[in-house]
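Peer 1: turn this into a model:
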Amino acid sequence: MFSFTSMGAKVDHSINDGSSPYIFKISGQVCHLMGSLLPMDNESPKFAQLYVYDTYNEVQNRLKALGSQENNGRLDTKIVQELIKMFDQSNELVKLFRIARDKFEIDGLINLKMSLLGRQQNDGKQYDQPTSDEIGGLIVGDIGLSDSNRDIIIDCKSEGLKRVTKLNPKFMALQYPILFPYGEDGYKPDLKWNENYKGPKTKRQRIPMRAYITYHIQEREPSLTTLLKGGRLFQQYLVDSYATLEEDRLDYIRQNQKNLRSEIYKGIYDAMSRGDNDAKNLGQKVVLPTSYTGSPRYMFNNYQDAMAICREYGHPDLFITFTCNVKWPEIIREFETKPGYKPEDRPDIISRIFKMKLDDMLDFIKSGKPFGEVDAKKFGSRENVEVQ
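Peer 2: Numbering: from 1, shown residues only. Here you go, the predicted structure:
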């Protein structure tokens, strides 16, 4: 209802039939899309347009934008009004769109465009509350020079949708304004490590996206952040963040093919040997390395390692499947300190406890107490484990 952007992904709603905890499941590529400031003629406003167009009837427009009369009957208009009031006072992104609304209503500018900046000059203000003039600006006429890879350019009125780059610092704040009520900055590639950070650092001395996301979802006492109180929306944020991270990894692999060991692929020669005689089917092959979980090389590498162990030490004796139970005493004890939460509201807690118990089981097996001395062992990435 309050998002500036729409999520371009196939959401599977059939899995939530009431027989199990709520699950946010998507398929396909994930992207965030944004339209123009004003809707086309004879069309209703959606997403960011609701902050600019016909704000005198904003509550009704937002209820109508959901497209479900059944949901609309269960929504409290007073809560919607209070949320609108809160965003107008606190969210700098909302304030920028309200400025655009005032320009249209007072000045009647029909060739107005908005630019959401992808870079800020001062990294020291990363964790401060933003201001409108730092986020972007309104331009009459030609937009001029801009960083097309990072900046978001929103036209006054245009057909179609534009994809918002994942490297824009407002990528998540535009999609989840309730989780980021001030319009805070998110990840950007030029973030640096803190001077007092003593953990492992990357060669470029820049914070990778994975480290930023994991830092963002950590619990910090004495009070939890707004992000961790999102319930089902927090679960959607985690899925969205993971999909964005995987896309970032694939982009890196695609752009660094020359640095990967791909000697078995020789372009046209290999294509001809495979029988690809049609030139229309020939293109640039992208090789996924063994470090990318689920890739053909990753599966082939693990298979070969497993067969080598079997040839040397014999066939495996046990096949152990380790699952998670939300009724574990550790999980119940953790949620007793967080009244009102359900296990599906905090998948990060479930995952951490599962990983700790999995590591504890592996340490117990390797200790030699249950089955004697371990002859051979191989530990792949994540939970692919073989012990003999």
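Peer 1: for the rest of this, base every contact and every neighbour count on C-alpha atoms.
Peer 2: OK.
Peer 1: all strands for the stretch 151-300 of the chain, in order.
Peer 2: Using DSSP state E, counting those that start in this stretch, the strands of the stretch 151-300 of the chain run over residues 152-154, 162-164.
Peer 1: need the winner for burial among these.
Peer 2: strand 152-154 (a mean of 22; mean count of other C-alpha atoms under 10 Å).
Peer 1: how about the helices in the protein?
Peer 2: Applying DSSP state H to the chain gives helices spanning 58-65, 69-74, 77-90, 92-102, 132-135, 171-175, 209-216, 232-255, 268-273, 296-313, 329-336, 347-366.
Peer 1: in TSV, list the strands of the stretch 151-300 of the chain along with mean pLDDT.
Peer 2: Below are the strands of the stretch 151-300 of the chain laid out as TSV (pLDDT from 0 to 100):
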stretch	mean pLDDT
strand 152-154	81
strand 162-164	88
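Peer 1: tell me which of these sits nearest to Lys327.
Peer 2: Nearest of the strands of the stretch 151-300 of the chain to Lys327, taken as C-alpha to C-alpha: strand 162-164 at 40.4 Å.
Peer 1: walk me through which strands the closest one pairs with, and which way each runs.
Peer 2: strand 32-34 (antiparallel) (DSSP bridges).
Peer 1: need the pLDDT of the closest residue in space to Lys46 that isn't next to it in sequence.
Peer 2: In space, and not counting its chain neighbours, Lys46 is closest to Ala65: 6.2 Å by C-alpha to C-alpha, 6 or more residues apart in numbering. Listed pLDDT for Ala65 reads 83.
Peer 1: surely Ala65 meets Ala48?
Peer 2: No - counting by C-alpha atoms under 8 Å, Ala65 does not reach Ala48; the two are 11.4 Å apart.
Peer 1: contact partners for the residue nearest the centre of the chain?
Peer 2: By C-alpha atoms, centre = their mean, the chain has its centre lying nearest to Ser241, at 1.7 Å. Ser241 sits next to Ile213 when contact means C-alpha atoms under 8 Å, 6 or more residues apart in numbering.
Peer 1: again with Arg150
Peer 2: So Arg150 contacts Leu117, Gly118, Arg119, Thr165, Leu167, Asn168 (C-alpha under 8 Å, 6+ apart).
Peer 1: before we move on, what about Gly136?
Peer 2: So Gly136 contacts Leu96, Met114, Ser115, Leu116, Leu117 (C-alpha under 8 Å, 6+ apart).
Peer 1: with distance to Ile79 and pLDDT as extra columns, can I get those in CSV?
Peer 2: Converted to CSV, those look like this (distance: C-alpha to C-alpha, whole Å; pLDDT from 0 to 100):
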residue, distance to Ile79, pLDDT
Leu96, 23, 90
Met114, 29, 81
Ser115, 30, 81
Leu116, 29, 81
Leu117, 31, 77
